[in-house]
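**Student:** Coordinates only, no sequence provided:
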């Protein structure tokens, strides 16, 4: 039986099927990444992005085309991680902008939605690169536009669109030489096709099991609270209360947010309040959940309400593994928010993404207000960055992503911020972030500082040393699993079995005749002693070079290198 139109219920089924398909193939998609580094891979980032939206979709009480489109768009935008996740969220955003205008979508509407999806995704990327997820999406949209005038069957329509997307995916190695050398197709494109194939399964009537990956509301990459045990007799407030306020057409101002947080503080603790233009997420521990709910109702309709009695014995194991982390994280977040509110609003503030106690201290000394824990191994989401922006009590906020895979998420957070001016400095690594902060001059205009901080990035050549997680061949280099690798922003510069020799070789590749200062930041797996050995070898070869050694404390990467 052919499908001529899809309604909200079928859209929900299709989206969750696509999410489940991506989740099932996440690790396979990760393996398609060209560079064999232990990072936040494409499959992981895309899955976390789509699951953020899927969890909002499953929580809907009043199902309509408009409500499900809002859930998909808002959930994916705020949950987007990494470049692939941000591009995916923009595809969803564009697609749902068309779909939300109808109660049922036929092939003609779907064709327009595909076109809008690709248009939104391309606009989000400053320098679109062909041979990627964008190319695969564009091929699908072009096929959809070709089919729409003469096709009425949604099943036939989607099968042809997916076939064209798969055909283009197989051609991506011919578009990007690095894919061809590694013998893989584009991982982002494969992720998108996987979602589409899951959607197709739902259209064909296959039963798909979607498993929610929702985490406690308060969990965030800005803190490192562990999930340790909690004693029920020490619980001051017995009910863990969570709900979402649907704002509708009501404006939820920053003053409203402050008022709501203060009210919740009077009736409980472990408070988290996260708002955007459509919803407000609330989490509070209280002895009277009804008071929190009544207050929430003054701002709009409520959904996804959840109340747990934390003193119940049968909940103790759940609480031991999760609620302590929620409580500690929320308390820390509240303290930081209160601290920010107590301080007078300042003209400018700073946010950066970093990992490692040493680097945290360095950035703090340079004047950074909020450090989002993350980086290569875990790309923070757009929502993580939005929460950091909310915590900085300043009119103008500079963000240093310090990773090329986080810049798009930072720009997306910028576009979603209305009450503050956000300036994203496109730092691709930690040394560039440090350089950008040093270049900031108090009293200069935001435009002057943005220009100076951005231009300074060209003056520093950066690299990092890590290990290979799999065998591969890149740029003519044979790499075995476990080999040490020295990477620049562009490629793998050095490969070897000895970490000192590999690091020295990387530094040589980064050096120029004008280089005068080299800084080595050693991580958790590196050492000061080893860093000094590297420095001695460099200085023996060039006595005019000055070498500084800093304790970065970063995970995964033995050394960060800065050459100026």
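**Tutor:** Noted; the coordinates are in hand. Note that this is a predicted model, so its numbers are computed, not measured.
**Student:** which stretches of the stretch 251-400 of the chain aren't confidently modelled?
**Tutor:** Counting by pLDDT under 70, the low-confidence segments of the stretch 251-400 of the chain come to 310-343, 376-377.
**Student:** Now do the helices in it.
**Tutor:** Assigned by DSSP state H, counting those that start in this stretch, the helices in the stretch 251-400 of the chain fall at 254-267, 289-297, 316-318, 324-342, 357-365, 382-391.
**Student:** And for residue 198, the neighbour number?
**Tutor:** Other residues lying near residue 198 total 25 when counted by other C-beta atoms under 10 Å. All C-beta spots, glycine's among them, are computed from the backbone N, C-alpha and C.
**Student:** list the contacts for the closest residue to residue 551 other than its chain neighbours?
**Tutor:** In space, and not counting its chain neighbours, residue 551 is closest to residue 358: 3.9 Å by C-beta to C-beta, 6 or more residues apart in numbering. Residue 358 sits next to 521, 550, 551, 552, 553, 554 when contact means C-beta atoms under 8 Å, 6 or more residues apart in numbering.
**Student:** Leaving out sequence neighbours, find the closest residue to the fourth one.
**Tutor:** Read it as residue 552. residue 521 is the one closest to residue 552 (C-beta to C-beta, 6+ apart), at 3.4 Å.
**Student:** so is the one you found in a helix, a strand, or just coil?
**Tutor:** Using DSSP: H, G, I helix; E, B strand; the rest coil, the secondary structure recorded for residue 521 is strand.
**Student:** Could you report the neighbour count for residue 93?
**Tutor:** Residues near residue 93, counting by other C-beta under 10 Å: 22.
**Student:** and it, what pLDDT?
**Tutor:** At residue 93, the predicted lDDT confidence score is 93.
**Student:** all numbers from here: first residue = 22
**Tutor:** Sure, I'll start counting at 22 from here, so that last one is residue 114.
**Student:** contacting residues around it?
**Tutor:** Here residue 114 is in contact with 94, 97, 98, 138, 141 (C-beta under 8 Å, 6+ apart).
**Student:** Next, format those as TSV and append pLDDT.
**Tutor:** Shown next, in TSV, are those (pLDDT from 0 to 100):
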residue	pLDDT
94	93
97	92
98	89
138	95
141	92
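**Student:** Among these, name the buried ones.
**Tutor:** When these are checked for burial by 16 or more other C-beta atoms under 10 Å, the buried set is 94, 97, 98, 138, 141.
**Student:** And the second one, how far from residue 81?
**Tutor:** Right, residue 97. Look at residue 97 and residue 81: by C-beta to C-beta, to the nearest Å, they are 15 Å apart.
**Student:** And for the first one?
**Tutor:** Computed as C-beta to C-beta, the residue 94 to residue 81 distance reads 13 Å.
**Student:** quick revisit: which of the buried ones among the contacts of residue 114 sit farthest apart?
**Tutor:** Maximum pairwise distance among the buried ones among the contacts of residue 114 (C-beta to C-beta): 13.4 Å, between 98 and 138.
**Student:** and for those two, which residues touch both?
**Tutor:** Listed as contacting both residue 98 and residue 138 by C-beta under 8 Å, 6+ apart are 113, 114.
**Student:** ok, and what's touching stretch 558-575?
**Tutor:** 375-381, 383, 396, 451, 521, 525, 528, 536-545, 549, 552-553, 556, 581.
**Student:** cutoff 6 Å now
**Tutor:** 376-380, 525, 528, 538-542, 544, 552, 556, 581 (C-beta atoms under 6 Å, 6 or more residues apart in numbering).
**Student:** If you count neighbours, what's buried in it?
**Tutor:** Within stretch 558-575, the residues scored as buried using 16+ other C-beta under 10 Å are 559, 566, 568, 570, 571, 572, 573, 574, 575.
**Student:** export those to CSV and tack on distance to residue 306?
**Tutor:** Compiled in CSV, the buried residues of stretch 558-575 are given as follows (distance: C-beta to C-beta, whole Å):
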residue, distance to residue 306
559, 54
566, 56
568, 51
570, 45
571, 40
572, 37
573, 36
574, 33
575, 34
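**Student:** now, among these, which is nearest to residue 31?
**Tutor:** In terms of C-beta to C-beta, no member of those lies closer to residue 31 than residue 575, at 46.5 Å.
**Student:** Closest to residue 474 out of the buried ones among the contacts of residue 114?
**Tutor:** Out of those, the member with the shortest distance to residue 474 (by C-beta to C-beta) is residue 98, at 26.6 Å.
**Student:** What ranges does the stretch 472-585 of the chain have for its helices?
**Tutor:** In the stretch 472-585 of the chain, helices defined by DSSP H, counting those that start in this stretch lie at 520-531, 549-562, listed in chain order.
**Student:** Generate a markdown table for these, with distance to residue 177 and mean pLDDT as supplementary columns.
**Tutor:** Listed next are the helices of the stretch 472-585 of the chain as a markdown table, based on distance: least, C-beta to C-beta, whole Å; pLDDT from 0 to 100:
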| stretch | distance to residue 177 | mean pLDDT |
| --- | --- | --- |
| helix 520-531 | 53 | 93 |
| helix 549-562 | 62 | 91 |
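**Student:** Comparing those helices, which stretch has the densest surroundings?
**Tutor:** Stretch with highest mean neighbour count among those: helix 520-531 (a mean of 21; mean count of other C-beta atoms under 10 Å).
**Student:** by contact count, what packs against it?
**Tutor:** Applying 3 or more C-beta pairs under 6 Å, 6 or more residues apart in numbering; DSSP states H and E, one finds that helix 520-531 makes contact with strand 482-488, strand 505-509, strand 513-517, helix 549-562, strand 580-584.
**Student:** Give me the distance between that helix and the centre of its chain.
**Tutor:** 31 Å (C-alpha atoms, centre = their mean, to the nearest Å).
**Student:** okay but residue 444 is in contact with residue 472, surely?
**Tutor:** No. Counting by C-beta atoms under 6 Å, residue 472 is not a contact partner of residue 444; they are 10.4 Å apart.
**Student:** who's more crowded, these two?
**Tutor:** Of the pair residue 444 and residue 472, residue 444 is the one with more neighbours under other C-beta under 10 Å, namely 17 against 13.
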